[in-house]
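Chemist: 3D model of this:
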Amino acid sequence: GSMRVARWAGIQQATAAVPDHPLLTAASAWYISPGQGKTLTARSRVLQRGRNVAVVRTELLATGGKRVLEVISNHAVARKAS
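Modeler: Prediction:
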């Protein structure tokens, strides 16, 4: 449903925030409130960026800035082929 789409949008936004850590290793999403309006806006903030792992907080906001969904995700660097 629509919450699945919102979670996916949040994860896509988070992954884009750390292009040097392209592998999603874990994600937790919290539904905050129903989305009102026709569009959602996503904003991500990198909480930690290390050599191998990054942690990102992403919020999806409805029209007017009301928070709809929050995602905390962990991302890793791709392993190089040996």
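Chemist: Helices of this protein, residue ranges please.
Modeler: 2-17 (DSSP state H).
Chemist: quick one, strands of it?
Modeler: Taking DSSP state E as the criterion, the chain carries its strands at 23-31, 41-49, 53-61, 67-76.
Chemist: Figure out which of those is closest to residue 17.
Modeler: strand 41-49 (3.9 Å; Cβ to Cβ). The way it works is simple: take the backbone N, C-alpha and C, and place the C-beta from them, glycine included.
Chemist: contacts for that closest one?
Modeler: 9-10, 13-14, 16-18, 21, 54-61, 72 (Cβ atoms under 8 Å, 6 or more residues apart in numbering).
Chemist: Distance from the helix-or-strand element of the chain with minimal mean pLDDT to the middle of the chain?
Modeler: Least confident helix or strand, the chain: helix 2-17 with a mean of 83, by mean pLDDT, DSSP states H and E. On the basis of Cα atoms, centre = their mean, to the nearest Å, helix 2-17 sits 5 Å off its chain's mean C-alpha point.
Chemist: Against which helices or strands is that helix packed?
Modeler: Applying 3 or more Cβ pairs under 8 Å, 6 or more residues apart in numbering; DSSP states H and E, one finds that helix 2-17 makes contact with strand 23-31, strand 41-49, strand 53-61, strand 67-76.
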